[in-house]
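J.: Build me a model from this:
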Amino acid sequence: MKYRYELFCYSVIDLKAAQAHLNRMGASGWRLDRIWLETVARYVPADRPVSYCVDWCDARFDENDDYLQLCADAGWTFVAKQGYWNLYEAPAGTPPIQTDSALEYERFQKQVWKQMRWGAVLGGAGLLFLAWLLWLTAQEIPMDGNTLLLWMGMAPVGAVFFGLSAVMGLVGLARFFTQLAKWRRAARTGEPVPDPGRGERTAAKVFGSWNAFFWVGWIAILTHCLAKEGFEKVLFYAVVWIAIGIWFRKRPFPTAGQRREAKGCMIAAVWVLLYWLLLFPVARSWETPGPAIPSLLTDDPARVAAQSLGDADTLRYNVQETRGLLLHYTSWDETDGDNQASLSCYRSRWEALTDAAFRSMLRQTPGLAPAEEGEALWEMEEVWRADVVRTVYLLRTENGVAEATLFTVGPVEDALKTDVIRRMEHCLEE
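T.: Modelled structure (predicted):
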């Protein structure tokens with residue numbers, strides 16, 4: 001059989017636009033067969049012209065059998081449930097199910113506001129967060145390695161996506177009030193709600209597609225964050241979602257909402273497992289690589305211990321790592337028994353982030369001054385306590401910024417300084 005597939009992404013406020021689109025498909029010889037995940041519609045050839053009616057419903061429950069039979073007696077056959085809509089089909093020319101514009105307006109207010117109030121809250125919160133992020137960027141407020149100033153480099157896609165989501169949320173709210181005014185005018189005059197024009201239909205498709213993209217985008221971002229926690233976490237959540245899905249599905253009388261939630265849990269479990277196995281390795285390969293040195297105090301990775309010093313040259317501990325598309329942040333502390341050292345390293349693919357990290361580090365360590373070795377190296381030396389000297393080196397290159405802090409008995413020896421700076425340079429190499 002010949003099929004036709006297309007995205008069927010309409011916001012809840014665009015009931016009339018969805019109905020008009022289905023009617024155009026019916027008039028051109030295609031009838032709706034089914035809708036997958038409330039997003040993808042499949043059409044089959046129609047042996048006669050058909051028309052469609054999109055009616056309001058409660059998304060949580062199945063429609064009342066008596067109401068469905070009443071619609072069937074009037075010539076309208078139930079085809080699919082799409083969120084807060086029921087989709088009915090009838091031969092072309094069949095009188096519509098609902099002709100009371102005042103009742104339609106009342107149902108529009110009741111059903112749509114359930115959705116749009118959350119959009120208004122999320123849109124407002126998103127704009128406030130975006131404004132706060134921009135203010136922090138302008139102020140360059142240091143917040144250790146994971147400052148929001150540098151978060152743009154850790155998750156630039158998420159940052160841009162969050163800003164777009166806030167803007168589109170407010171656009172959706174404006175469209176809601178526009179549609180509300182149109183339905184109100186129809187209720188006052190007693191005339192049917194007019195079919196949307198070409199521009200309104202295009203806006204409905206664009207906004208509906210954005211909503212689908214919004215959820216796909218956030219699911220991808222959250223899945224990637226979950227995958228970073230390790231396979232054990234991925235497997236745990238997959239098992240939990242499968243258990244919840246089975247519980248919803250096996251209840252004695254599952255409602256439409258519970259069946260949808262069961263399907264969603266099953267899909268989520270399969271999705272996170274497939275993402276971990278197939279997509280996560282690819283996504284990780286796109287991230288900025290970390291430093292290529294094992295230690296500040298030795299060049300031999302085999303001589304670096306992680307639990308106790310023992311016979312090793314140095315013990316490395318408190319290791320932290322945050323990987324992103326444009327930025328990689330690494331820090332650790334270490335000791336060789338006599339000296340202590342710590343490293344904070346930002347490797348960046350964007351020079352603006354490198355500059356921001358450099359200025360942030362200068363603010364966090366007052367007293368740094370350019371070294372004699374060149375403008376790229378800054379240093380500071382101070383007596384920490386008793387005879388312990390704290391020495392800080394800050395190195396900036398086009399690939400990032402590295403800061404090394406040494407605690408030694410007396411000033412740092414020239415040989416140790418040379419080795420540490422050499423390892424910092426190697427840390428920021430391509």
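
J.: Okay, strands next: where are they in the stretch 1-150 of the chain?
T.: Assigned by DSSP state E, counting those that start in this stretch, the stretch 1-150 of the chain shows strands spanning 4-7, 30-36, 40-45, 50-56, 77-82, 85-91.

J.: Can you add distance to Gly410 and mean neighbour count and give these back as CSV?
T.: C-beta coordinates here come from the backbone N, C-alpha and C atoms, glycine included. Listed next are the strands of the stretch 1-150 of the chain as CSV, based on distance: least, Cβ to Cβ, whole Å; neighbours: other Cβ atoms under 10 Å:
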stretch, distance to Gly410, mean neighbour count
strand 4-7, 70, 12
strand 30-36, 72, 16
strand 40-45, 71, 16
strand 50-56, 80, 21
strand 77-82, 75, 17
strand 85-91, 77, 21
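
J.: nearest to Thr365, of the ones you listed?
T.: With Cβ to Cβ, the closest approach to Thr365 among the strands of the stretch 1-150 of the chain belongs to strand 4-7: 52.7 Å.

J.: Can I get the closest one in CSV, CA atoms only?
T.: Taking C-alpha atoms only, strand 4-7 is exported to CSV below (Å, rounded to 0.1, in the frame of the first residue of the first chain):
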residue,chain,number,x,y,z
ARG,A,4,2.6,9.3,2.8
TYR,A,5,4.4,10.6,6.0
GLU,A,6,4.8,14.1,7.4
LEU,A,7,5.4,15.9,10.6
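
J.: Name every strand pairing with that strand and say which way it goes.
T.: strand 40-45 (antiparallel) (DSSP bridges).

J.: hmm, who's touching stretch 26-36?
T.: The set of residues external to stretch 26-36 that reach it, using Cβ atoms under 8 Å, 6 or more residues apart in numbering, is 3-4, 8, 22, 25, 41-46, 49-52, 79-80, 82, 87, 89, 92.

J.: which residues of the stretch 251-400 of the chain score low on pLDDT?
T.: For the stretch 251-400 of the chain, applying pLDDT under 70 flags the ranges 251-258, 260, 373-375.

J.: As a check, name the ranges of all strands in it.
T.: 304-305, 314-323, 327-335, 340-348, 369-371, 374-385, 388-397, 400-409.

J.: So the chain: which segments form each domain?
T.: What automatic domain parsing lists as the domains of the chain is 4-99, 102-286, 301-427.

J.: First-to-last residue distance for the second one?
T.: Across its full length, domain 102-286 reaches 55 Å between end residues, using Cα to Cα, to the nearest Å.

J.: next SSE after the helix or strand containing Met168?
T.: Assigned by DSSP states H and E, Met168 falls within helix 156-189. Using DSSP H and E, the helix or strand that follows helix 156-189 in sequence is helix 198-227.

J.: So which elements touch that next one?
T.: Contacts defined by 3 or more Cβ pairs under 8 Å, 6 or more residues apart in numbering; DSSP states H and E place helix 198-227 against helix 15-27, helix 156-189, helix 231-249, helix 256-274, helix 280-286.

J.: rerun that using 6 Å as the cut-off
T.: Helix 198-227 makes packing contacts with helix 156-189 when contacts are defined by 3 or more Cβ pairs under 6 Å, 6 or more residues apart in numbering; DSSP states H and E.

J.: average model confidence for the helix it packs on?
T.: Averaged across helix 156-189, pLDDT comes to 73.

J.: follow-up on the earlier one: export the strands of the stretch 1-150 of the chain to CSV and tack on mean pLDDT and distance to Val401?
T.: As requested, these are exported to CSV (pLDDT from 0 to 100; distance: least, Cβ to Cβ, whole Å):
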stretch, mean pLDDT, distance to Val401
strand 4-7, 82, 45
strand 30-36, 82, 48
strand 40-45, 84, 47
strand 50-56, 82, 57
strand 77-82, 81, 52
strand 85-91, 82, 54
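
J.: Turn the ones you listed into a markdown table, columns for distance to Trp247.
T.: Shown next, in a markdown table, are these (distance: least, Cβ to Cβ, whole Å):
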| stretch | distance to Trp247 |
| --- | --- |
| strand 4-7 | 31 |
| strand 30-36 | 23 |
| strand 40-45 | 27 |
| strand 50-56 | 29 |
| strand 77-82 | 22 |
| strand 85-91 | 27 |
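
J.: To Leu368, which of these lies closest?
T.: strand 4-7 (54.9 Å).

J.: How far off centre is the closest one?
T.: Here strand 4-7 is found 26 Å from its chain centre; the criterion is Cα atoms, centre = their mean, to the nearest Å.

J.: So what touches it?
T.: For strand 4-7, the external contacting residues (Cβ atoms under 6 Å, 6 or more residues apart in numbering) are 30, 41-43.
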